[in-house]
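**Q** this one's structure only:
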């Protein structure tokens, strides 16, 4: 058995009294393939929507790689990392970076960015520029 790639623990969703998915529990290992079979309306698409975070569960949890982190958290981390790269290497305005990384607007990106990095996107860009200048100056050959 390999490393656990996905853990689904007691996942349920209730749409106004109708249980579309009811207490699904399973683990899927790295490299393992699972197939969902069922009649129309059996909850296959709803289960995928719950796993991806598209639909919010009524109860239960979904974790990646035994980390106790869900896909939404992981996806947010990736979006912040992409934003960091865009801020460091491109001259885009904050709203454009937000649009490119799936945030509502620059204000939303700023709030999430600060939570993840402890600094504002503007401060991050300034610090990155200073660090880049320091490295480019340090690597210049000295002629004498």
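**A** Noted; the coordinates are in hand. Computed from a predicted model, the values in this text were never measured in an experiment.
**Q** Name the helix or strand of this structure that has the lowest mean pLDDT.
**A** Confidence across the helices and strands of the chain bottoms out at helix 121-138, with a mean of 80, counting by mean pLDDT, DSSP states H and E.
**Q** For the residue nearest the centre of the chain, give me its contacts.
**A** Nearest to the mean C-alpha position of the chain, counting by C-alpha atoms, centre = their mean, stands residue 75 at 0.9 Å. Residues counted as contacts of residue 75 (C-beta atoms under 8 Å, 6 or more residues apart in numbering) are residue 53. C-betas here are computed from N, CA, C, even on glycine.
**Q** switch to 10 Å and redo it
**A** When the contact criterion is C-beta atoms under 10 Å, 6 or more residues apart in numbering, the partners of residue 75 are 52-53, 102.
**Q** Name the member of those residues with the most neighbours.
**A** Ranked by neighbour count (other C-beta atoms under 10 Å), the contacts of residue 75 have residue 53 at the top, with 16 neighbours.
**Q** Could you check how far the residue lying closest to it once chain neighbours are set aside is from residue 132?
**A** Setting aside the residues directly before and after it, residue 53 is nearest to residue 72 in space (C-beta to C-beta, 6 or more residues apart in numbering), at 4.1 Å. Between residue 72 and residue 132 the distance, using C-beta to C-beta, to the nearest Å, works out to 32 Å.
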